[in-house]
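Engineer: below are the sequence and a predicted model; questions follow.
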Amino acid sequence: MTVFERTSVLIPAYEEESSIGGVIAEIRGLGPWKEIIVVDDGSLDGTAGVAEKAGAKVVRHPYNKGNGAAVKSAVRAAEGEFILLMDADGQHPPSEISKLTDKLSDYDLIVGARSFKNQATLSRGLGNSALNRFASMLSDFTITDLTSGFRAAKRSRFREFLHLLPNGFSYPATSTLAFIKAGYSVCFVPFEGQMRGGNEKSKMRPWREGWRFVMIILRMITLFSPLRIFFPISLVFFLIGFGYMIYTIATEVHVTNTSVLLITGAAVLFLFGLLSEQIAALRFEKTGRD
């Protein structure tokens, strides 16, 4: 059985009537897939009808819930051993799919990484580059495209993190960090994206979503590796408190309340980090037993 026959193609779609049919036709032309599932996220146009006519299984949302919610519905409906996630607007060329599927036997998650020139706008490219660096620093893993929705994964692995995924556009960041911090094998594969088709204007608002991505990165690190957040903050508090204590001893011959407060705060933060680390370990132990 080929990897295509073991893979479910999952496409979240919202008002993509003009492009979804062509995308499905191209995907079907590549080989005998296990299934192609389109989640119509409350579209008001003919997205669902076009997808069904093109040969896809359609899951309908009664109203628009968000890209992440559509992905969760698609994963729950999938039956394949592997899943392939891609956009409905043609940004992810079906001709590039094999770059991801060829690595499914070796990795738990494969992410299609866009180059800087493939970003929709200059501001989007700069914002994503900053997020990639920030996420790489906190996760101790080189991340080249945190927000790409073009990805393939083992379905059983992906389902472990469904409860963590937000309903909005930040599901790629959450799932990528979850796989990395859970210790699963992740790789990033460069691919050449295309200009947006279908409903041409992006539904994502970079300035509104940007702070959410930052918060998601911090949330995922504290969820899976809390000491990477708690320890640096406690160390800064300790160094400031200790340095100020040395200064006041040398100049005023006594220790101030500020120094004591900073050093005590550093110790408390460090202990909170240790406790959070143990809770995270217990959570993964329970997941393994389940």
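Structural biologist: The structure has been received and is ready for your questions.
Engineer: could you use CA atoms for every contact and neighbour count after this?
Structural biologist: Noted.
Engineer: quick one: contacts for Asp41?
Structural biologist: With contact set as C-alpha atoms under 8 Å, 6 or more residues apart in numbering, Asp41 has these partners: 12-14, 60-67, 70.
Engineer: just confirm Gly68 is within a helix.
Structural biologist: Yes: applying DSSP: H, G, I helix; E, B strand; the rest coil, one finds Gly68 inside a helix.
Engineer: how about it, nearest residue that isn't a chain neighbour?
Structural biologist: Take Gly68 and drop its neighbours on the chain: the residue closest to it by C-alpha to C-alpha, 6 or more residues apart in numbering is Asn167, 4.1 Å away.
Engineer: what sits against the one you found?
Structural biologist: 65-70.
Engineer: on that earlier part again, out of the contacts of Asp41, which end up buried?
Structural biologist: Taking 16 or more other C-alpha atoms under 10 Å as the criterion, what is buried in the contacts of Asp41 is 12-14, 60-61, 66-67, 70.
Engineer: adding distance to Pro190, write the residues you listed out as a markdown table.
Structural biologist: Listed next are the buried ones among the contacts of Asp41 as a markdown table, based on distance: C-alpha to C-alpha, whole Å:
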| residue | distance to Pro190 |
| --- | --- |
| Pro12 | 22 |
| Ala13 | 24 |
| Tyr14 | 26 |
| Arg60 | 32 |
| His61 | 32 |
| Gly66 | 27 |
| Asn67 | 23 |
| Ala70 | 25 |
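Engineer: including distance to Ser136 and pLDDT, could the residues you listed go into a markdown table?
Structural biologist: Below are these laid out as a markdown table (distance: C-alpha to C-alpha, whole Å; pLDDT from 0 to 100):
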| residue | distance to Ser136 | pLDDT |
| --- | --- | --- |
| Pro12 | 27 | 95 |
| Ala13 | 30 | 95 |
| Tyr14 | 31 | 93 |
| Arg60 | 36 | 96 |
| His61 | 35 | 96 |
| Gly66 | 26 | 92 |
| Asn67 | 24 | 91 |
| Ala70 | 27 | 95 |
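Engineer: just the residues you listed now: which is nearest Leu227?
Structural biologist: Distances from Leu227 to the buried ones among the contacts of Asp41, taken as C-alpha to C-alpha, are shortest for Asn67 (31.1 Å).
Engineer: and the residue lying closest to Tyr107 once chain neighbours are set aside, how far from Ser105?
Structural biologist: Leaving aside its chain neighbours, Tyr107 sits nearest to Ser185 (5.0 Å; criterion: C-alpha to C-alpha, 6+ apart). According to C-alpha to C-alpha, to the nearest Å, Ser185 stands 11 Å off from Ser105.
Engineer: would you agree Val50 is in contact with Ser19?
Structural biologist: No: at 9.2 Å, Val50 does not count as touching Ser19 under the criterion of C-alpha atoms under 8 Å.
Engineer: turn the contacts of Asp41 into JSON lines, including distance to Asn257 and secondary structure.
Structural biologist: Formatted as JSON lines, the contacts of Asp41 follow (distance: C-alpha to C-alpha, whole Å; DSSP: H, G, I helix; E, B strand; the rest coil):
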{"residue": "Pro12", "distance to Asn257": "57", "secondary structure": "strand"}
{"residue": "Ala13", "distance to Asn257": "58", "secondary structure": "strand"}
{"residue": "Tyr14", "distance to Asn257": "58", "secondary structure": "coil"}
{"residue": "Arg60", "distance to Asn257": "61", "secondary structure": "strand"}
{"residue": "His61", "distance to Asn257": "58", "secondary structure": "strand"}
{"residue": "Pro62", "distance to Asn257": "59", "secondary structure": "coil"}
{"residue": "Tyr63", "distance to Asn257": "57", "secondary structure": "coil"}
{"residue": "Asn64", "distance to Asn257": "54", "secondary structure": "coil"}
{"residue": "Lys65", "distance to Asn257": "51", "secondary structure": "coil"}
{"residue": "Gly66", "distance to Asn257": "50", "secondary structure": "coil"}
{"residue": "Asn67", "distance to Asn257": "51", "secondary structure": "helix"}
{"residue": "Ala70", "distance to Asn257": "53", "secondary structure": "helix"}
